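K.L.:
just a sequence and a predicted model for now, questions to come.
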Amino acid sequence: MKVFTSIVDTQNYLKSHYPKSIGFVPTMGALHEGHIALVKKSIAENELTVCSIFVNPTQFNNPDDLKKYPRTLDEDCKMLQEAGCDVVFAPSAEEMYPSLPILKIDFGHLEHIMEGKFRPGHFNGVGIVVAKLFNIVKPDKAYFGQKDIQQVAVINRLITDLSFDLKMVVCDTIREKDGLAMSSRNRRLSPEARVSAPKIFQSMLLGKKLLLEGNSAFVVKNKVLDFYRASPEFELEYYEIADFETLESIDELNENRKTAIIVAAHLGGVRLIDNYVF
Ligand SMILES: Nc1ncnc2c1ncn2[C@@H]1O[C@H](COP(=O)(O)OP(=O)(O)OP(=O)(O)O)[C@@H](O)[C@H]1O
Ligand SMILES: CC(C)(CO)[C@@H](O)C(=O)[O-]
Ligand code: BAL
């Protein structure tokens with residue numbers, strides 16, 4: 001496995017190898033089995049797999065979150081090597097941004113709901129860095145996790161609106177045995193917080209059950225608020241019941257369309273997101 005920090009070295013290597021197809025997994029490192037599932041899918045579907053590791057400062061609206069984001073490059077490389085990854089691209093911030101971009105990307109209605117609303121500027125940062133990474137790696141397929149459901153919608157628009165010649169592959173959320181979605185930020189949970197964390201998953205199962213029983217989204221949200229009131233260690237940021245395709249809020253289930261329950265909550269100073277689609 002090759003590890004590059006330079007854009008030019010990465011591009012030269014990829015050009016000189018003429019792979020039939022390049023699969024690309026963009027990450028911010030502190031890798032776990034969720035990331036490795038994306039890497040393995042890419043390996044199965046492409047001749048060469050590139051994983052990028054870059055904690056992108058321009059997508060963090062909270063400086064403390066950026067400072068505390070876990071960075072574990074050596075361990076990450078070991079996991080990628082074992083998984084069979086071919087190339088790691090781990091640039092510095094200076095390499096990616098010799099000057100800060102003045103370009104702004106506005107993802108329309110996606111800016112005003114959920115992650116867009118609570119993390120102002122986040123999707124502008126994600127959109128620009130992913131476009132830069134696509135231009136550097138020139139993948140045939142790019143792999144993203146369903147856990148970041150709104151990011152999937154944003155990248156879909158980025159690919160369509162800028163005519164990137166690649167296919168996006170969305171992979172299921174990998175969970176711990178107790179239901180907690182794997183996330184790099186889980187490493188920052190205290191032992192007590194880690195015990196509480198699966199309640200996020202439970203709150204989504206509760207929502208699904210209540211919706212299937214015929215309750216309106218309004219009633220379900222109120223019951224879920226009671227659930228979180230009984231768990232004061234959580235500070236719930238949002239709990240949305242939305243159409244899976246448009247991510248717009250819905251009032252009740254539509255049996256012809258998939259529904260997504262989407263949650264963001266703070267637990268012991270760590271912000272966690274998750275979603276459940278049915
Ligand atoms: N549990 C998971 N299952 C599947 N894919 C995942 C999972 N967690 C993250 N991913 C995907 O891995 C890619 C890189 O994500 P990222 O590096 O931000 O990891 P993360 O664990 O989501 O970290 P955090 O949520 O703490 O930022 C994204 O496409 C993300 O959706
Ligand atoms: C796609 C991404 C690597 C861009 O920095 C990041 O948002 C992530 O890890 O999901
Ligand atoms: N997985 C999304 C990256 C972020 O939280 O900034």
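P.N.:
Thanks, I have the structure now. Ligands and ions are numbered 1, 2, ... in the order given.

K.L.:
could you list the buried residues of the longest helix seen in the chain?
P.N.:
As assigned by DSSP state H, the longest helix anywhere in the chain is helix 122-137. Neighbour-count burial for helix 122-137 flags 122-134, 136-137 (criterion: 16 or more other CB atoms under 10 Å). Heads up, the C-betas are built off the backbone N, CA and C, glycines and all.

K.L.:
hmm, it touching ligand 1?
P.N.:
No - no part of helix 122-137 sits near ligand 1 under the criterion CB under 6 Å from any ligand atom; the closest distance found is 9.6 Å.

K.L.:
C-alpha coordinates for the helix or strand that comes right after that helix, CSV please?
P.N.:
Toward the C-terminal end, the helix or strand that comes next after helix 122-137 (DSSP states H and E) is strand 141-145. C-alpha atoms of strand 141-145 as CSV (Å, rounded to 0.1, in the frame of the first residue of the first chain):
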residue,chain,number,x,y,z
LYS,A,141,-16.9,5.1,-8.2
ALA,A,142,-17.0,7.0,-4.9
TYR,A,143,-18.2,5.3,-1.7
PHE,A,144,-20.2,7.1,1.0
GLY,A,145,-22.0,6.0,4.2
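
K.L.:
run through who's touching strand 141-145.
P.N.:
Residues outside strand 141-145 that contact it (CB atoms under 8 Å, 6 or more residues apart in numbering) are 21-26, 34-35, 38-39, 41-42, 45-46, 134, 151-152, 155, 166-171, 173-174.

K.L.:
again, only using 7 Å
P.N.:
Residues outside strand 141-145 that contact it (CB atoms under 7 Å, 6 or more residues apart in numbering) are 23-26, 34, 38, 41-42, 45-46, 134, 151-152, 155, 166-171, 173.

K.L.:
circling back: just checking: which of the buried residues of helix 122-137 also lie near ligand 2?
P.N.:
Val126, Val129, Val130.

K.L.:
how about the residues of the protein by ligand 1?
P.N.:
Residues of the chain that fall close to ligand 1, judged by CB under 6 Å from any ligand atom: 27-28, 34-35, 37-38, 144-145, 147-148, 171, 173-174, 181-185.

K.L.:
how about the strands in the stretch 1-150 of the chain?
P.N.:
Ranges of strands within the stretch 1-150 of the chain are 2-4, 22-27, 48-53, 87-89, 141-145, based on DSSP state E, counting those that start in this stretch.

K.L.:
the fourth one close to ligand 2?
P.N.:
No - counting by CB under 6 Å from any ligand atom, no contacts exist between strand 87-89 and ligand 2, the nearest distance being 11.2 Å.

K.L.:
near ligand 2, which residues of the stretch 1-150 of the chain?
P.N.:
Counting by CB under 6 Å from any ligand atom, the stretch 1-150 of the chain sits next to ligand 2 at Pro26, Thr27, Met28, Asn56, Gln59, Val126, Val129, Val130, Asp148.

K.L.:
around ligand 3, pick out the residues from the protein.
P.N.:
Contacts of the chain with ligand 3, taken as CB under 6 Å from any ligand atom, map to Met28, Gln59, Asp148, Gln151.

K.L.:
hang on, the earlier thing: mind putting the residues of the stretch 1-150 of the chain next to ligand 2 in CSV, distance to Cys77 and pLDDT included?
P.N.:
Listed next are these as CSV, based on distance: CB to CB, whole Å; pLDDT from 0 to 100:
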residue, distance to Cys77, pLDDT
Pro26, 16, 98
Thr27, 12, 98
Met28, 15, 98
Asn56, 19, 98
Gln59, 23, 97
Val126, 24, 98
Val129, 21, 98
Val130, 22, 98
Asp148, 23, 98
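
K.L.:
quick check: end-to-end length of stretch 59-66?
P.N.:
Stretch 59-66 stretches 9 Å from its first residue to its last (CA to CA, to the nearest Å).

K.L.:
tell me the residue of the stretch 101-250 of the chain that sits nearest ligand 3?
P.N.:
For the stretch 101-250 of the chain and ligand 3, the shortest gap (CB to the nearest ligand atom) falls at Asp148, measuring 4.7 Å.

K.L.:
quick one: the strands in the stretch 151-278 of the chain, in order.
P.N.:
167-171, 234-243, 259-267, 270-277.

K.L.:
including mean pLDDT, could those go into JSON lines?
P.N.:
Listed next are the strands of the stretch 151-278 of the chain as JSON lines, based on pLDDT from 0 to 100:
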{"stretch": "strand 167-171", "mean pLDDT": "98"}
{"stretch": "strand 234-243", "mean pLDDT": "98"}
{"stretch": "strand 259-267", "mean pLDDT": "98"}
{"stretch": "strand 270-277", "mean pLDDT": "98"}
